[in-house]
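> Make a model of this:
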Amino acid sequence: MFFGKLLPHDGNFFDMFNQRADQILEAARAFFQMVANYNDVPLREKYNRDVDNAERAADRVTHEVNKALHKTFITPIDREQIHGLINTMDDVADLIQDSAETMALHGPGCMGTPKDPTRQG
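Numbering: from 1, shown residues only. Take a look at the predicted model:
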């Protein structure tokens, strides 16, 4: 059937969106652990690597979505919406990675002492 060739065969976009969201969540959890264990340098470096690994895996999904978008004639939602959503998800993961990398480069002394908002002066 001719029209069958136009329909998406590989790459369910919604499954790939869910994969991307799972990897963002994985990066966010690793970032949370990094902040929670910030004074422990080996743990801080481990969780920074975990953030990097999750972001790299997420980048592969972004590449898959963009590849599927170029190969698929009929998409389940508008192409621009798919492209915008996957790029926004990529931006979220990139910001988590950038924050983790910045924090990993600086020791706890650079963070400063938090001020008590209930105290005057």
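
> where do the helices sit along this structure?
When assigned using DSSP state H, the helices of the chain occupy the ranges 13-36, 41-71, 79-105.

> Can you redo those helices as TSV, where the extra columns are mean neighbour count and mean pLDDT?
Every residue, glycine included, has its C-beta placed from N, CA and C. What follows is the helices of the chain, written out as TSV (neighbours: other Cβ atoms under 10 Å; pLDDT from 0 to 100):
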stretch	mean neighbour count	mean pLDDT
helix 13-36	17	95
helix 41-71	17	93
helix 79-105	15	94
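
> which outside residues touch stretch 88-107?
Where contact means Cβ atoms under 8 Å, 6 or more residues apart in numbering, the residues beyond stretch 88-107 that reach it are 17, 20-21, 23-24, 27-28, 30-31, 34-35, 38, 41, 44-45, 47-48, 51-52, 54-55, 58-59, 62.

> redo that, cut-off 10 Å
By Cβ atoms under 10 Å, 6 or more residues apart in numbering, the residues outside stretch 88-107 that reach it are 17, 20-21, 23-24, 26-28, 30-32, 34-35, 38-39, 41, 44-45, 47-52, 54-59, 61-63, 65-66, 110-111.

> Ok, stretch 19-35 next?
Under Cβ under 10 Å, 6+ apart, the answer for stretch 19-35 is 40, 43-62, 64-65, 85-86, 89-90, 92-97, 99-100, 103-104.

> Could you report the separation of the residue nearest the centre of the chain from residue 27?
In the chain, the C-alpha closest to the average C-alpha coordinate belongs to residue 93, at a distance of 2.4 Å (Cα atoms, centre = their mean). Shown here: residue 93 relative to residue 27, a distance of 6 Å by Cβ to Cβ, to the nearest Å.
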